[in-house]
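K.L.:
when you get a sec, could you give me coordinates for this:
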Amino acid sequence: MGTVFSFDLRDPATPPVRRALKEAVAWLHHVDEVFSTYRPDSAISRLGRGEPVPERCAAEVAEVFALCEEVAHTTGGWFTHAPGGRLDPSGLVKGWAVERASRLLYEAGAHNTCVNGGGDIQLRGEAAPGTPWRIGIAHPARPGALAAVVTGRDLAVATSGTAERGAHVVDPHTGRPATALASLTLTGHSLTRTDAYATAAFAMGAAAREWVEALDGHEGLGITAAGEIWRTPRFPGATWAER
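P.N.:
Residues are numbered from 1 along each chain as shown. Got it, this is the predicted structure:
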């Protein structure tokens, strides 16, 4: 999927957990085979060319497309799985894949984990007994610096921005890159939706703050192109400027 995935497990590596970790890695490779826009032989690339989807992939593609339609409705059309007319559900697939990998580990007995897919993270449990997870948010204008630290338990954290890939999020209404924000981080419980909502909110630009404040179960922190930082009242962390 064009990015790096990592696993941080804080529970004993029992045989069931080891098996689940292998299963989770295999799952991510499978998702890449089905949904990667970087692979011409993936199911999603074939579908984009008007070719039939392999039957073994059809149910997963249908599930992802249904979720994309749900998020498109919730965001008032600010999320799309066809940006610029090109079939690309990546704005939802990565979070969906990471959340399922996290669930595989949890069901095997690993209840304190961090699964990270290119900076979009599903957290379960704690980093240590009595200690919440701490997740650094990269500053989009200062390489190597942090803009904020998110703290919490059983949390999903997703960031859309320009720090690593430049202006790559497209405003679905204009077809041009969204440039009003430099970074937008959302927190929630389900990474599938939190990741997709972060993409949509980033595309909204100046309207993102009001939309996020009205979004049940989610909090946000935005950094404008001018470097101004805002956050919703219950955002689980602090910006460096406040520390």
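
K.L.:
okay, and residue 150 sits in which element?
P.N.:
In this assignment (DSSP states H and E), residue 150 forms part of strand 146-152.

K.L.:
which residues touch that strand?
P.N.:
Outside strand 146-152, the residues that touch it by C-beta atoms under 8 Å, 6 or more residues apart in numbering are 123, 132-140, 157, 183, 185, 187, 221, 223, 229, 231, 235-240. Any C-beta I mention is one placed from the backbone N, CA and C, and that applies to glycine too.

K.L.:
low-confidence stretches in the protein?
P.N.:
By pLDDT under 70, the weakly predicted segments of the chain are 162-167, 240-243.

K.L.:
neighbours of residue 220, just the number please.
P.N.:
Residue 220 has 25 neighbours, counted by other C-beta atoms under 10 Å.

K.L.:
thought it was touching residue 234?
P.N.:
No: in this structure, residue 220 is not within contact of residue 234 by C-beta atoms under 8 Å, at 9.9 Å.

K.L.:
who's in contact with residue 122?
P.N.:
Taking C-beta under 8 Å, 6+ apart, we find residue 122 in contact with 95, 98, 99, 101, 102, 114, 115, 156, 191.

K.L.:
burial of the closest residue to residue 44 other than its chain neighbours, as a residue count?
P.N.:
Distances taken as C-beta to C-beta, 6 or more residues apart in numbering put residue 35 closest to residue 44, at 4.9 Å, once the chain neighbours are dropped. By other C-beta under 10 Å, 25 other residues sit near residue 35.

K.L.:
tell me which element the most centrally placed residue in the chain is part of?
P.N.:
The centroid of the chain falls nearest to residue 195 when counting by C-alpha atoms, centre = their mean (3.2 Å). Element membership of residue 195 [criterion: DSSP H and E] is helix 191-204.

K.L.:
so which elements touch the next helix or strand after that helix?
P.N.:
Remark: after helix 191-204, the chain's next helix or strand is helix 208-213, criterion DSSP H and E. On a contact count with 3 or more C-beta pairs under 8 Å, 6 or more residues apart in numbering; DSSP states H and E, helix 208-213 meets strand 181-188, helix 191-204, strand 219-224.

K.L.:
hang on, residue 17 is in a helix, isn't it?
P.N.:
Yes: counting by DSSP: H, G, I helix; E, B strand; the rest coil, residue 17 is part of a helix.

K.L.:
residues touching it, list them.
P.N.:
Applying C-beta under 8 Å, 6+ apart to residue 17 gives the contacts 9, 11, 105, 108, 109, 110.

K.L.:
how about the strands in the chain?
P.N.:
All strands of the chain, identified by DSSP state E, fall at 5-9, 113-117, 120-124, 133-138, 146-152, 156-161, 181-188, 219-224, 229-231, 237-239.

K.L.:
how about residue 234: what's its closest non-neighbour residue?
P.N.:
Closest to residue 234 by C-beta to C-beta, 6+ apart is residue 219, at 5.1 Å.

K.L.:
ditto for residue 87
P.N.:
Once flanking residues are discounted, residue 87 sits nearest to residue 48: 4.0 Å by C-beta to C-beta, 6+ apart.

K.L.:
cross-check the contact I'm expecting between that neighbour and residue 89.
P.N.:
No: Residue 48 is beyond contact range of residue 89, at 10.5 Å (criterion: C-beta under 8 Å).

K.L.:
more neighbours, the two?
P.N.:
Neighbour count, other C-beta under 10 Å: between residue 48 and residue 89, residue 89 has more, with 23 against 16.

K.L.:
my understanding was that residue 200 contacts residue 70; is that so?
P.N.:
No: between residue 200 and residue 70 there is no contact under C-beta under 8 Å: 11.9 Å.

K.L.:
out of the two, which sits in the busier spot?
P.N.:
Neighbours were counted for residue 200 and for residue 70 using other C-beta under 10 Å; residue 200 has more, 28 against 15.
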